[in-house]
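Chemist: below is the sequence, then the predicted model.
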There are 2 protein chains.
Amino acid sequence: MLAEIITIGDEILIGQIVDTNSAWIARELNLIGIRVKQISSVSDDRAHILKALGEARERADIILITGGLGPTKDDITKKTLAEYFNVGMVENQEALENVDRIFKKYNRPLLEVNRLQAQVPANCEVIPNLNGTAPGMWFAHEGKIFVSMPGVPFEMMYMMESQVLPKLKASFKLPFIVHQTILTVGEGESFLAERIADIEDALPPHIKLAYLPKLGQVRLRLSGYGDNEAALHQDVQLWTNNFVERIGNVVVALEDIPLEKAILNKMAARGLTLSAAESCTGGYISHLITQHPGSSEVFFGGAVSYSYELKESLLGVNNETLWQYGAVSQETVIEMVEGALFNFKSDYAMAVTGVAGPGGGSEDKPVGTVWIAVAKAGKTVSKKFTFGSKRLQNIERTAIAAFGMLNTLLSEVEN
Amino acid sequence: MLAEIITIGDEILIGQIVDTNSAWIARELNLIGIRVKQISSVSDDRAHILKALGEARERADIILITGGLGPTKDDITKKTLAEYFNVGMVENQEALENVDRIFKKYNRPLLEVNRLQAQVPANCEVIPNLNGTAPGMWFAHEGKIFVSMPGVPFEMMYMMESQVLPKLKASFKLPFIVHQTILTVGEGESFLAERIADIEDALPPHIKLAYLPKLGQVRLRLSGYGDNEAALHQDVQLWTNNFVERIGNVVVALEDIPLEKAILNKMAARGLTLSAAESCTGGYISHLITQHPGSSEVFFGGAVSYSYELKESLLGVNNETLWQYGAVSQETVIEMVEGALFNFKSDYAMAVTGVAGPGGGSEDKPVGTVWIAVAKAGKTVSKKFTFGSKRLQNIERTAIAAFGMLNTLLSEVEN
């Protein structure tokens, strides 16, 4: 089953916004067994939209369209779709009530231009938009499905999850697919592959393994294809267990969630608390943690100790240690993490110090040199890493490696 | 002058990566007066690539292609281009030397498969790739320009900036364009528009003004079009001055750089230092600052004080203040910012505390309630904001508003 995605709107073509919708839609479609053949971004231009629709329907069975549904006159998706299907426009009662509801909520008068939001091509089935005024539209036309959705990401995502994906599954005979993610950290793709090569070779043909690597993390995704749902779940579960048994020490979660969220979940489940002492990551580790709702249950906070002075005053690092061994040293990172544990009174602490670059490197400690430590009462682990020359990548890699070390320390208790 | 962008590779179509290249390319092209007609993402499939090339050349004069240039056998862009142009492949000496240089640098043997990286279609002009092994390729074919570049962002960007954009400017008679960004913070788009309406109305036809808003920041971009370079620069400068004179209090920079970078630059130029006390932003403000090289000259660091305890121990906030007024209060934010200034010994400090959501709201202090304070010796300014219900947006808006307040405090000295 093939789909195409068409995004409509000049914002993407002038580079004002990055099209994140298409990647999200493509991933969701792939997960239910629909392949995306092409993604096209076209302008708010009648002829161009008509041509793109015609080209897409030649290649695909499902055409998903986002954007161009706003109330202003440069948004012409709806009337162009009506022209493409050769139908008129009608006012949809449900969509009108939705517009009315939203305007009431914000105490604003419903202008005639807003009322137009409820006008849709006569042949469509309306997909309610709980988060905005522009309705989604589902068209079944000459054996193909066309779906038009707003370009605002959270409006589109809600429609996809609640309406479009279930309707697509119901409309087509798609293979039954079961996915299982194994999130790992701390081992490179090729090393991981070597460790599980024999298990991978023994996989039955209806179960595929994909490696999804990203700067120090690797997501393993098992996908099982078949007709018998219960048997498939059982099969995928069995093979997942085989992999986890082999590489358990680097597994963080059996869910497709961010690394730090997986660690937060683990710690929350065990009632554990955490603090951080960050030098070269400059707040990034804390930010990764605190972007997740509920993180305050686990995370007390910490210090962003960019200067020597703050390493001393906030973390209690000895002035002598700093001057004798330098800020980027095993001695300093150990005092940082133990200072965080002691001062911030958390069960676990993590600390990082390094040369993020591009400046600040020396022969001894070139750009990319990073010391990381994690600690709990009675145990501190520290390790040196040598990353690359790019500042943002070094910051990202440091954070991931630190979470990896924390995960290992957390696992010890479990065993 | 019209261009199209074609990205080749399955990673985008399965949603594994977001295509950030196209937006970047589109922006760069627009800045030199080339409009992008369509962006298409297609698979590593010979027939599909050929069809996309054919469709694009019907619509555009310039076709920029990224991706599919790796050494593995699923990367087929080069041989498909050779087929499209009906030419053979040749080994390019310069490209071979580049591959050789890179392998020597990493002390790895040059395998036959790597040597193939230097093979290019016979009709192309090679664009050197200093950051990777895959050469870029420039084709002039039947009045159209085709450029093929790697999909790795920094390799592509370097090629565009150093080679492709200059060559495009030299190949086509493009209008001369001068852009000037005015970065503002703290005033909404519509209010800003009202304040400068009369100046905007008086703009001569060859100077356009664009509003580029983003969560509390607005970039004003003046673009002047003409033939006389010197006169155009002078004109744009004159009109920029008119706008800045009117709205100087919200102007941060006359460059198209991130807000926090503009503030860092200002502070570095004046030898000023900064620290931060973050509650609801959880390290995001520090991260924004420290992602920039050289930030350690200005930024000492700070506290991520998620818990009451850390607000007390790191910042010296009174226990009574916290219990009497709550963590999200004017009293607390003032003690936080003054505590940061005193404890961290910086010239300026910023502090934020709020309910980021989705949980933690109350009738008094609903989700989105945020207190922000900025301070220097002898002066503290605090302000309450009411943002929305989305956690990540609240974090982002809080950071931007805090930088806005810091900018205002910094400006006072200037006057």
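Modeler: Done, it's in. Residues are numbered from 1 along each chain as shown, chains lettered A, B, ... in the order given.

Chemist: alpha carbons only for contacts and neighbour counts from here, please
Modeler: Fine.

Chemist: other SSEs contacting the helix ranked longest in chain A?
Modeler: Identified as the longest helix of chain A according to DSSP state H is helix A:391-414. If contacts are counted by 3 or more CA pairs under 8 Å, 6 or more residues apart in numbering or on different chains; DSSP states H and E, helix A:391-414 sits against strand A:176-185, helix A:259-269, helix A:284-290, strand A:348-354, strand A:369-376.

Chemist: dump it to CSV, keeping only the CA atoms.
Modeler: Provided in CSV are the C-alpha atoms of helix A:391-414 (Å, rounded to 0.1, in the frame of the first residue of the first chain):
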residue,chain,number,x,y,z
ARG,A,391,30.4,21.8,20.0
LEU,A,392,26.7,20.9,19.7
GLN,A,393,27.4,17.2,19.0
ASN,A,394,29.8,17.1,21.9
ILE,A,395,27.1,18.5,24.2
GLU,A,396,24.6,16.0,22.9
ARG,A,397,27.0,13.0,23.1
THR,A,398,28.1,14.0,26.6
ALA,A,399,24.5,14.0,27.8
ILE,A,400,23.7,10.7,26.2
ALA,A,401,26.8,9.0,27.6
ALA,A,402,26.0,10.4,31.1
PHE,A,403,22.5,8.9,30.9
GLY,A,404,24.1,5.7,29.8
MET,A,405,26.4,5.6,32.8
LEU,A,406,23.5,6.4,35.1
ASN,A,407,21.5,3.6,33.6
THR,A,408,24.3,1.2,34.3
LEU,A,409,24.5,2.3,37.9
LEU,A,410,20.8,2.0,38.3
SER,A,411,20.8,-1.5,36.8
GLU,A,412,23.3,-2.7,39.4
VAL,A,413,20.7,-2.6,42.1
GLU,A,414,18.2,-4.6,40.1
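
Chemist: buried sites along that helix?
Modeler: Residues A:391-392, A:394-411 are the ones in helix A:391-414 that count as buried (16 or more other CA atoms under 10 Å in any protein chain shown).

Chemist: what's in contact with that helix?
Modeler: Contacts with helix A:391-414, where a contact means CA atoms under 8 Å, 6 or more residues apart in numbering or on different chains, come from A:185-186, A:215-217, A:249-250, A:252, A:259-260, A:263, A:280-281, A:284-285, A:350-352, A:356-358, A:368, A:370, A:372-375, A:387-388, B:291, B:293.

Chemist: mind giving me the PyMOL command for buried ones among those?
Modeler: To isolate the buried members of those in PyMOL, using 16+ other CA under 10 Å:
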select buried, (chain A and resi 185+186+215+216+217+249+250+252+259+260+263+280+281+284+285+350+351+352+356+357+358+368+370+372+373+374+375+387+388) or (chain B and resi 291+293)
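
Chemist: hmm, back to that, for the longest helix of chain A, the distance to its chain's centre please.
Modeler: The chain centre lies 18 Å from the centre of helix A:391-414; the measure is CA atoms, centre = their mean, to the nearest Å.

Chemist: can you find the helix or strand in chain A with the smallest mean pLDDT?
Modeler: One helix or strand of chain A scores below all others by mean pLDDT, DSSP states H and E: helix A:112-115, with a mean of 81.

Chemist: name the residues that touch it?
Modeler: So helix A:112-115 is in contact with A:71, A:96, A:99, going by CA under 8 Å, 6+ apart.

Chemist: any residues of the stretch 301-415 of chain A in contact with chain B? List them.
Modeler: A:301-307, A:309-310, A:314, A:344, A:357-359, A:391-392, A:395 (CA under 8 Å from any CA of the partner chain).

Chemist: return the subset of these lying in strands.
Modeler: Judged by DSSP state E, these include A:301-305 as members of strands.
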